[in-house]
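Peer 1: structure for this input, please:
(chains A and B)
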Amino acid sequence: MRLLIVEDDSDSAAYLVKAFRQEGHVADHAADGLTGYAMAEGGGYDVLVVDRMLPRMDGLSLIRSLREQNDTTPVLILSALGQVDDRVKGLRAGGDDYLPKPYAFSELMARVEVLSRRRSAAASAEPTMYRVGDLELDRLTRRVSRAGEEIVLQPREFRLLEYLMRNAGQVVTRTMLLENVWDYHFDPQTNVIDVHISRLRAKIDKGQTVPLLQTVRGAGYALRAEGR
Amino acid sequence: MASASDISAPSRLFRSTAFRLTLLYMGVFAMFATAALGYVAWNARRLIEDQIRQTIDAEITGLSEQFRQGGIRRLVLAIEQRARGPGASLYLVTSPFGERLAGNVEQVPAGLLDRAGESEIPYARGAEEGQGTRPALAIVRVYVLPAGFRVLVGRDASERDRLRQVVRRAGGWALAVVLLLGVIGGFVIARRVLKRVDAMSATTVSIMASDLKDRLPVSGNGDELDRLAINLNTMLDRIALLLGGLRQVSDNIAHDLKTPLTRLRNRADEALRPGAGEADMRRALDGVIEDADNLIRVFNALLMIARLEAGQARETMAPFDATATTTSVAELYEAVAEEAGVHFTCQIEPGIAAIGSRELIGQALANMVDNALKYGRPPGAGAFEVTLSMRQTGQTVTFTVADRGPGIPPEQHARALERFGRLDSSRSQPGFGLGLSLVNAIAHIHGGTLDLKDHAPGLAAVLTIPAQSARNGHARNGHAGNGHAGNGHAR
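Peer 2: A predicted model of the protein is given here:
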């Protein structure tokens, strides 16, 4: 994955570049908005990570300019302003995801990977059927089965599994689940998401030799056909 | 303050508002007085002139009568007789050829007698009393008799001129007195006011020096300075209260953040202890990250409360589906409640729309439920029950989360809504006591309220925000009527 990090704080930028490289990705850095715009326009990046407050051209203008050029590279906005209205403004400007500072790198990594995968998946139409190992989910009939045996899910459990299956093989964090399944962006204080996951897990993995829904320590969850 | 005391006392007096106002008032008063006096004088002058004219007219009528009855001879006789009296009018009769026939006027300006009518001429009073040095003005009228004789009758106008002089002099004196009194009055009033204002500003300085403990003196006569003092005192009370609150909050922040920071430090310390293996270090670092995340969470909540209190989320207010929002929060917490053995029930009215931010109300409800799950455990053996209900009454939508826990005594309700206002009884519990104050801030930005009520036993947190429309049938909000956790139709 090729990443461009547009961030004026050199410490955070260095930390991000190093961390992404350790994960085996290519990460470039631009220290201001104009440079970032020029580099992004050059193309070839899978995901842009853009800070909102930037010298010479702020993050939102950068995204707007790119979108006007019909550049659809996924953009993740990083911001110290983590309020509802800021998020709305960021997404309205053409951002694809929004992460308030401070964030855990695992959270950023998970979101960037989902963005990058979504881009390559967008080329082909969204499948009506998801398969992970012997687990199947039919989005039209809303049926779920594992090894041919039907599993009855509540509507919300279905949406949870649907999201996990769409991003199968990738780490999804608790906040990503809360955002995409419940459409809330706050930080639940208790382990509400964990409880939902363990219930879903009880339904799809119970009595199976290969557990599909795995917990990724310090990051979140992943639905995978094989262990890591 | 330095600049104020640099100015010398009289100069300060001159610069005082009271003095300037007095001067201005005096100036305006003098202007009006002059105008009024002028008007009176003008009228008096007209009155005098009218009287003079009437006298002249009467004399001319009388003289014409004499002429009609006895011709020029009788007229001349009559004039000579009349002209002799003291303070008499001016008379002159001329023949058709301009010869002076009789009268007490020696000379008239050339051409005056050629035409009939009124005019004003200077004249020298005949040598009667030998004081004709001073020229006087007279109002005269020339009258042409049938045979071409001309009669001039005039009266001295000095009375009128004297009046003018008197008025002028009186006006001048009056003006001078008014101005003098004005300046003196201005000084006196300005000093009085300045004295009180100076006293007030001196007190203000001492109030600032005394940590806002003193108050301005109130004389009790209810004038504007008193009202100002009363209002300033009220303001000082409020500032002192806010400062106290702020101090309390920062004390609490310092106190409540010290504990997790100490724990974080200890974990790091432990990891560095000799003999710690890689696994120990990893575990310690995981713990450090967890602690740091918790601290960040606290700061995020504090920042969010601050921004809400500053009114920064108002623009996201819009109608939203309260039924769906409540249902989705209920669904979010159902599982966790069940896991904790809590009997969690919901009463959610279908098809209700409220005005606000779905996101913020969702967060508020989550905090309320979270709070009930954390602190709502009944002290005895009673069942752990939490109820979430939502309904519309009139113009408002009410969200209630009630538990059967130990509750909060009414006198501590206000404290429970403060930042870090964790009650001592709950200090041992996890959490930072920001939950309810965040809900409170969210309620306020919606123009609503958060009330804590006794649920006898237990606590009921009641969040009230405006409804989209008054309650008169559900027809208009039909789309939300399925009562199911839809996903933010109204975003």
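Peer 1: how about the strands of chain A, start to end?
Peer 2: A:2-6, A:26-30, A:47-51, A:75-79, A:97-100, A:129-132, A:135-138, A:143-146, A:149-151, A:171-173, A:213-216, A:220-223 (DSSP state E).
Peer 1: strand partners of the fourth one, parallel vs antiparallel please.
Peer 2: Next to strand A:75-79 in the sheet, as set by DSSP bridges, lie strand A:47-51 (parallel), strand A:97-100 (parallel).
Peer 1: ok, the first one next?
Peer 2: In its sheet, strand A:2-6 lies beside strand A:26-30 (parallel), strand A:47-51 (parallel), with partners assigned from DSSP bridges.
Peer 1: how many neighbours does residue 185 have?
Peer 2: No chain specified, so I'll use chain A. 18 (other Cβ atoms under 10 Å in any protein chain shown). The C-beta positions use only the backbone N, C-alpha and C, and glycine is treated the same way.
Peer 1: please go with chain B instead
Peer 2: Residue B:185: 16 neighbours (other Cβ under 10 Å).
Peer 1: swap in the one 4 residues further on?
Peer 2: Per other Cβ under 10 Å, the neighbour tally for residue B:189 reads 16.
Peer 1: equivalent analysis for the one 4 residues further on, please.
Peer 2: When counting by other Cβ under 10 Å, one arrives at 16 neighbours for residue B:193.
Peer 1: so what's it up against?
Peer 2: The contact partners of residue B:193, taken as Cβ atoms under 8 Å, 6 or more residues apart in numbering or on different chains, are B:16, B:17, B:18, B:225.
Peer 1: got any ranges where chain A has weak pLDDT?
Peer 2: Within chain A, the stretches with pLDDT under 70 are A:81-84, A:121-125, A:189-190, A:227-228.
Peer 1: what is the longest helix seen in it packed up against?
Peer 2: The residue-count maximum for a helix in chain A (DSSP state H) belongs to helix A:105-123. For helix A:105-123, the packing partners by 3 or more Cβ pairs under 8 Å, 6 or more residues apart in numbering or on different chains; DSSP states H and E come out as helix A:10-22, strand A:47-51, strand A:75-79, strand A:97-100, strand A:171-173, helix A:174-177.
Peer 1: how about that helix as CSV, C-alpha atoms only?
Peer 2: Only the C-alpha atoms of helix A:105-123 are listed here, as CSV (Å, rounded to 0.1, in the frame of the first residue of the first chain):
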residue,chain,number,x,y,z
PHE,A,105,-1.9,3.7,15.7
SER,A,106,-3.8,0.4,15.5
GLU,A,107,-7.0,2.4,15.0
LEU,A,108,-5.5,4.4,12.2
MET,A,109,-4.0,1.4,10.6
ALA,A,110,-7.3,-0.5,10.6
ARG,A,111,-9.1,2.4,9.1
VAL,A,112,-6.5,3.0,6.4
GLU,A,113,-6.6,-0.7,5.4
VAL,A,114,-10.3,-0.7,5.1
LEU,A,115,-10.2,2.5,3.0
SER,A,116,-7.6,1.0,0.7
ARG,A,117,-9.5,-2.3,0.3
ARG,A,118,-12.8,-0.5,-0.3
ARG,A,119,-11.2,1.3,-3.1
SER,A,120,-10.1,-1.8,-4.9
ALA,A,121,-13.4,-3.5,-4.2
ALA,A,122,-15.3,-0.5,-5.5
ALA,A,123,-14.2,-1.3,-9.0
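Peer 1: touching that helix from outside, list them.
Peer 2: Applying Cβ under 8 Å, 6+ apart, the set of residues contacting helix A:105-123 is A:1, A:3, A:15-16, A:19-20, A:23, A:46-47, A:49, A:72-74, A:76, A:78, A:96-97, A:99, A:167, A:170-173, A:175-176, A:216, A:218-220.
Peer 1: just give the closest residue to residue B:329, not the sequence neighbours.
Peer 2: residue B:365 (4.2 Å; Cβ to Cβ, 6 or more residues apart in numbering or on different chains).
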